[in-house]
Each structure stands twice: as structure tokens, then as C-alpha cells.
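Novice: 3D model of this:
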Amino acid sequence: MKRVGIFDNDLLVVDRHVTPRTGCIIVGKYNGERICKIFDQQNKQLMSSDENLQTIPIHDYDDFTVEGVVIRSLRQHQHIKGIVAPSFEYSHLRGGLDDLLLGHPSATWFGIARGDSMQDEGIFNGDVIIVDRKTLAQQGSVIVGQFNGEFVCKIFDKKRRLLLSSNERYPAIPIRDFDTFSVEGVVTSSVRFHFKSSLLSTWPCTH
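Specialist: Take a look at the predicted model:
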């Protein structure tokens with residue numbers, strides 16, 4: 001489901017009280033198997049964002065249940081000590097999402113990603129990025145920095161002093177001696193909204 005911003009080992013936030021509609025990403029069971037698919041209610045089928053995978057028709061005789069609608073997906077870009085995603089399929093959060101996202105609350109800030117240069121890292125246009133000022137940038141860390149007066153979100157090649165995009169269409173940016181550059185923080189996680197958010201005033205469903 002990479003084309004809709006869901007990667008392996010991402011944490012899915014699933015709302016059981018949302019009525020699934022066409023275009024929503026749902027989790028459920030189909031003939032005994034756990035699934036995460038795009039729901040086409042009108043045509044009674046389940047779709048994948050991967051064009052190489054076949055659409056799955058939902059017949060009257062199929063054992064199909066929707067267990068919830070994916071409203072957000074959380075992707076971890078930097079391991080923070082003490083922050084561990086659940087290793088089991090379903091979990092009710094005992095605390096808030098802050099416990100999963102904020103390693104250092106007083107040193108953390110949020111931003112909105114723009115553009116598609118980091119989409120292969122799982123950061124899409126409009127995603128919320130969580131930036132930790134206290135975490136030290138290592139080789140290969142995803143960082144937010146200021147480069148010649150502009151904010152950038154890139155992979156930091158510390159050894160070669162390069163700013164890299166995960167999208168191969170974008171060339172590497174060298175950090176030269178005369179450039180103004182500073183690391184403003186390490187991107188520890190990103191949040192993708194798959195369902196309407198009153199905070200961002202976006203879409204009812206997207207894919």
C-alpha cells in the first residue's frame with residue numbers, strides 16, 4: 001500500500017466507529033485472512049494501491065467483515081529509546097498517541113511536509129512530520145534543516161556532506177563551505193491522514 005503512504009511495519013490508527021465508504025482504507029477479514037485494502041463499496045470490491053495486484057471481488061458467499069477504517073498511519077523514521085510500537089495486530093492505546101510519537105516532548109515540534117522528494121521514505125505531501133531537536137543527527141538520519149535560508153526535509157549524508165532525497169528524480173544537494181546550513185532536528189516519525197481531519201480540513205477519504 002505504498003502509493004497511499006502505508007509501508008511495512010507502519011502503525012495504523014483504526015476507528016471502529018467510522019462508517020466505511022468508497023475510497024476508504026479499511027482493515028478487516030476476508031475469508032479468514034486479515035486484510036488492509038481500499039474499499040469500493042459501490043462495486044463490491046477490495047483494491048490495492050499496487051497496480052500489479054488484482055482487485056478482489058466481494059461475493060455474497062464470501063466471509064467478509066470490516067473491522068474499522070484507517071484514519072491515520074504512523075511511520076517511525078528514527079528509533080527513540082523507550083518508544084516501541086506494538087508487535088501484535090490490534091491494541092487499544094492505554095495512553096495517548098503522544099506516548100508513541102514524542103520521545104522528548106519539550107524538544108519536539110511539528111511541521112507539514114511539502115512536495116514529493118521524500119515519498120519513498122514514506123513522507124508524502126501534506127504529511128505531519130514530528131521533529132526532535134534533542135536527538136543527534138546520525139549518518140542517514142532524516143532531518144529538517146535550514147539550507148541557505150530555506151527549510152528542507154532530507155536524508156543527511158553526514159560523511160559526504162550531502163542532502164539526499166528518497167525520490168531518485170531529485171539530485172543530491174552538496175553542502176559547501178560557503179552555504180548556510182544547520183540541522184533543526186531529526187524527523188522521528190511522520191503521520192499521514194487517510195480520513196477527514198478537522199485539524200487539517202482535508203478530505204473524507206483519499207487514496
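Novice: So Asp120: helix, strand or coil?
Specialist: When classified by DSSP: H, G, I helix; E, B strand; the rest coil, Asp120 comes out as helix.
Novice: And for the residue nearest to it when sequence neighbours are not counted, the neighbour number?
Specialist: Residue nearest to Asp120 in three dimensions, not counting chain neighbours: Ser166, with 3.8 Å by C-beta to C-beta, 6 or more residues apart in numbering. For glycine as for every other residue, the C-beta is placed from the backbone atoms N, C-alpha and C. If you count neighbours by other C-beta atoms under 10 Å, Ser166 ends up with 16.
Novice: For Ser166, which residues are in contact?
Specialist: Ser117, Met118, Gln119, Asp120, Glu121, Ile123, Ile155 (C-beta atoms under 8 Å, 6 or more residues apart in numbering).
Novice: For stretch 173-182, buried residues please.
Specialist: Ile173, Ile175 (16 or more other C-beta atoms under 10 Å).
Novice: which residues sit against that stretch?
Specialist: Residues contacting stretch 173-182 (C-beta under 8 Å, 6+ apart): Gly145, Gln146, Phe147, Asn148, Gly149, Val152, Lys154, Arg161, Leu162, Leu163, Leu164.
Novice: Let me see the ranges of the strands in the chain.
Specialist: For the chain, strands defined by DSSP state E occupy the ranges 11-15, 25-30, 33-40, 45-47, 56-57, 64-76, 108-112, 128-132, 142-147, 150-157, 162-164, 173-174, 181-193.
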